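I need the structure of the sequence given here:
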Amino acid sequence: MTALLPALITALPLAVAGLLAGVVARRLLARLRRGAQVPPPWCELGVGTAWAATGAAAGAAAVPAAWVPALLGLGWLVVAAAAVDVLHRRLPDALTLPALPAALVLLVPLGSAAVLRGAAGAAVAAAAYAALHVAAPRAMGAGDVTPAGPLGAVLAAAGWPALMLAALAAALLTGGIALVAVLLSGLDKRRAAVPHGPSMLGAGWLVTLMAAGAPP
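Below you'll find the model as predicted:
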């Protein structure tokens with residue numbers, strides 16, 4: 001009960017702020033050059049939930065306060081980009097490309113070592129996803145390469161094992177969803193195609209949240 005009160009105190013304001021940030025995400029997506037219409041309240045609920053979870057973890061001292069900016073920024077990106085990928089089967093470069101420098105800036109409160117590790121993680125993740133795209137373009141789309149940079153930056157800042165764990169979790173999640181989709185669609189693989197972006201983004205945020213409290 002003692003730990004629950006601080007968690008609620010930090011989670012509730014961030015949940016409200018997340019709802020407002022979700023509105024910003026939805027309206028921004030609609031105004032992009034290749035506009036993406038996301039019906040309410042998906043962005044609002046997604047960002048509000050991610051920000052509330054971050055606030056609860058920080059309030060319960062499970063995550064250091066220095067991690068809060070990066071987790072909030074990553075949560076916003078994950079929800080906005082995943083919503084577009086689910087609805088329109090693409091990841092908007094207008095979000096994912098500027099997300100890399102933004103992620104490095106948000107890592108500054110963690111210190112220079114975390115920023116340098118984040119830059120290295122971004123390079124490793126982007127190179128790995130680019131290689132997978134070249135080797136198997138049907139399995140890994142070109143759009144999945146750009147969010148690998150900011151995800152790799154934040155994950156590596158939390159620790160190199162987090163980067164590997166997130167990649168594995170994303171692959172397993174996409175594979176599991178694809179298997180279910182194939183079975184539900186009567187073994188029609190074309191109808192059961194599953195975008196990898198949402199699994200990649202969601203696994204990246206969740207692993208970062210879990211790893212942020214552990215030493216790199």
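
quick one: low-confidence parts of this structure?
1-3, 185-193, 215-216 (pLDDT under 70).

need the helices for it, in chain order.
For the chain, the helices defined by DSSP state H occupy 4-31, 42-59, 68-88, 93-106, 112-135, 148-158, 160-184, 197-211.

Output those helices in TSV; the columns should cover distance to residue 141 and mean neighbour count.
From N, CA and C alone the C-beta is placed, and that goes for glycine too. As requested, those are exported to TSV (distance: least, CB to CB, whole Å; neighbours: other CB atoms under 10 Å):
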stretch	distance to residue 141	mean neighbour count
helix 4-31	19	17
helix 42-59	22	23
helix 68-88	9	23
helix 93-106	12	19
helix 112-135	7	18
helix 148-158	11	30
helix 160-184	12	17
helix 197-211	8	23
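
what's the closest of those to residue 142?
Ranking the helices of the chain by proximity to residue 142 (CB to CB) places helix 112-135 first, at 5.7 Å.

What is that closest one packed up against?
For helix 112-135, the packing partners by 3 or more CB pairs under 8 Å, 6 or more residues apart in numbering; DSSP states H and E come out as helix 93-106, helix 148-158, helix 160-184.

Next, count neighbours for the nearest residue to residue 93 once chain neighbours are set aside.
Leaving aside its sequence neighbours, residue 93 sits nearest to residue 146 (CB to CB, 6 or more residues apart in numbering; 5.8 Å). For residue 146, the neighbour count with other CB atoms under 10 Å is 22.

who's in contact with the nearest residue to residue 204 once chain neighbours are set aside?
Residue nearest to residue 204 in three dimensions, not counting chain neighbours: residue 151, with 4.0 Å by CB to CB, 6+ apart. Contact analysis of residue 151 by CB atoms under 8 Å, 6 or more residues apart in numbering lists 74, 125, 166, 200-201, 204.

again, but for residue 10
By CB under 8 Å, 6+ apart, the contact set of residue 10 is 55-56, 58-59.

Looking at these, which one is closest to residue 160?
residue 58 (23.3 Å).

Residue 25 versus the closest one, what's the distance?
Using CB to CB, to the nearest Å, residue 58 is found at 21 Å from residue 25.

And for residue 71?
16 Å.

need the contact list for residue 210.
residue 162.

Now do the contacts for residue 13.
By CB under 8 Å, 6+ apart, residue 13 lies in contact with residue 55.

Residue 113 too?
By CB under 8 Å, 6+ apart, residue 113 lies in contact with nothing.
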